[in-house]
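**Q** Sharing a sequence plus its predicted fold:
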Amino acid sequence: MHFTEVIDKLNKIDVDNCTEDQIRGLFREYGKAGFLRANYFPPASEENLPNLLIRATVYNSKEETINSVSRIQYPPDSKNTKYQRASTPDRAMFYGTLHKDYESESGIEAMKICFQETFKNYDQLLESADSVVFSLWNVEKPLRLYAVFSEEDFLKNDSAMEEINEAYNELLNSDNEEIKQKTQLLLNYIVGRFSIPVDQNENDYKPSALISQLIIDTLDLSGIEIDGLIFKSTKSKNQDFNVAVRPTSCDKKLRCIKAIDCSLQPDKKVICKARYRINKANNMFELEPTLDNFVLQLD
C-alpha cells in the first residue's frame, strides 16, 4: 500500500469501532519516515531565559488533599482512563505548556492556556472538581521532543520557533525526497488529530495517541533519545507550545519548583488559595507566607 493510501485510510477510520491493532497495523504499513527532534536545554547562565513548563491538575478538595509532587505530575493509573493526544489509558504522559519566563504577567497567560488546553467544558468539570493546582516545572536536563507541526508552522520566522526550525532544517537538508514527503504527511495527519478540542469524543484521539506511542517506541529501538512530543497550542493567539513528556523523562529531567492551589468558581474565575515552594529533598509542598489576590478569569 502506498503511504498516501495509509494516511487516507487513517483519515477515514471509524475511531469508535476500530481496534488498536488496526491502527498499529496501518502505522507499520506506512513504513520508514523521518522525524523532527527539537532540543530544549537548561539555561546556560542566569541571563538566559529558562525552559519552564506549567501544568494544571484538577481535584476535589472534599475527597483529597494535594501536598506532594507525586500527585501533580503524570496522572496515576486510577486517573489515566482516556485516550488523549499522545497517551493511551495504559500509557500516561505529563502534559504541560512551555513557558520561557518567570515574569508574572506572561506566566498567568501560560496558566490560562494550560488550563484551557486541558479542560474544555468548565461547568461539566465543576461537577467532579472544585480545585486546581498550577505547577511550575524546570527543565533540569536536555529535553528531546518529537516536533508535531505543519509545514506552514515550520515556515514561520518567529523566535519562539527557534528549536523547532532547527529540527526542520535538518530534515530539509536530507537528500531523500520520499522520506521528506512521508515525514511531513505524517506530521500533518498528527497535527490534525491534535487540533481536535478536548472533552469531546475521546476516541478522536485514539489514532494520534497510539501513533505517538509507536513513534516513541520506534525511536527507542533505534537508539535515539526521545522524551516526548511538542506541539502547537490550539488556544493561544501567540506562539505557545504544549508538551507531552513520558513518565521516565519527567522523573529524570523535570523538577517542580512552585505550585499554586486555586479554587474553581462557577463564574469561570480561578482564585488562589495558597502558594507553595517545593522541598527539593522530599518533593513535598511548603507553604509560602505571602498570598496575593491572584484571580484567573477564563473565557
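**A** Right, received. Where do you want to start?

**Q** any weak-confidence spans in the stretch 151-299 of the chain?
**A** Within the stretch 151-299 of the chain, the stretches with pLDDT under 70 are 157, 199, 236-239, 291.

**Q** Helices along that one, start to end?
**A** Using DSSP state H, counting those that start in this stretch, the helices of the stretch 151-299 of the chain run over residues 151-154, 162-172, 177-194, 206-221, 247-253.

**Q** what residues does the shortest one touch?
**A** Helix 151-154 has contacts (C-beta atoms under 8 Å, 6 or more residues apart in numbering) with Met161, Ile164, Asn165, Tyr168, Gln184, Leu187, Asn188, Val191, Lys232. No exception for glycine: its C-beta is placed from N, CA and C like everyone else's.

**Q** now with 7 Å?
**A** Helix 151-154 has contacts (C-beta atoms under 7 Å, 6 or more residues apart in numbering) with Ile164, Asn165, Tyr168, Gln184, Lys232.

**Q** how about the nearest residue to the fourth one, chain neighbours excluded?
**A** The one in question is Gln184. Using C-beta to C-beta, 6 or more residues apart in numbering and skipping the chain neighbours, the partner closest in space to Gln184 is Glu151 (5.5 Å).

**Q** ok so, going back, of the contacts of helix 151-154, which is the nearest to Ile72?
**A** Of all the contacts of helix 151-154, Lys232 has the smallest distance to Ile72: 24.1 Å, by C-beta to C-beta.

**Q** Enumerate the beta-bridge partners assigned to the closest one.
**A** Going by DSSP bridges, Lys232 is paired in beta bridges with Phe241.

**Q** now do Asn39
**A** Taking DSSP bridges, one obtains Arg144 as the residues bridged to Asn39.

**Q** residues near it, how many?
**A** 13 (other C-beta atoms under 10 Å).

**Q** quick one: it and Ala56, what's the gap?
**A** Asn39 is 25 Å from Ala56, where distance means C-beta to C-beta, to the nearest Å.

**Q** Could you do Lys206 as well?
**A** 23 Å.

**Q** same deal with Ser263?
**A** Relative to Ala56, and taking C-beta to C-beta, Ser263 is found at 14 Å.

**Q** ok, these two, which is more surrounded?
**A** Ala56 (23 against 13).

**Q** Doesn't that one belong to a helix?
**A** No - Ala56 is assigned strand when assessed by DSSP: H, G, I helix; E, B strand; the rest coil, not a helix.

**Q** Which parts of the stretch 1-150 of the chain are helices?
**A** Counting by DSSP H, counting those that start in this stretch, the helices of the stretch 1-150 of the chain are 3-12, 20-30, 104-118, 122-126.

**Q** between those helices, which one is nearest to Pro197?
**A** Closest among the helices of the stretch 1-150 of the chain, once you apply C-beta to C-beta, is helix 104-118, at 9.4 Å.

**Q** would you put the C-alpha positions of the closest one in PDB?
**A** Written as PDB, here are the backbone C-alpha positions of helix 104-118 (Å, rounded to 0.1, in the frame of the first residue of the first chain):
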ATOM      1  CA  SER A 104       4.300  37.100  36.300                       C
ATOM      2  CA  GLU A 105       2.000  38.500  33.500                       C
ATOM      3  CA  SER A 106       3.200  36.100  30.900                       C
ATOM      4  CA  GLY A 107       3.100  33.300  33.500                       C
ATOM      5  CA  ILE A 108      -0.600  34.000  34.100                       C
ATOM      6  CA  GLU A 109      -1.300  33.800  30.400                       C
ATOM      7  CA  ALA A 110       0.500  30.500  30.200                       C
ATOM      8  CA  MET A 111      -1.600  29.200  33.100                       C
ATOM      9  CA  LYS A 112      -4.700  30.200  31.300                       C
ATOM     10  CA  ILE A 113      -3.600  28.400  28.100                       C
ATOM     11  CA  CYS A 114      -2.600  25.300  30.000                       C
ATOM     12  CA  PHE A 115      -6.000  25.100  31.700                       C
ATOM     13  CA  GLN A 116      -8.000  25.700  28.500                       C
ATOM     14  CA  GLU A 117      -5.900  23.100  26.600                       C
ATOM     15  CA  THR A 118      -6.600  20.500  29.300                       C
END
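
**Q** Which elements pack onto it?
**A** Applying 3 or more C-beta pairs under 7 Å, 6 or more residues apart in numbering; DSSP states H and E, one finds that helix 104-118 contacts strand 52-59, strand 94-99, strand 295-297.
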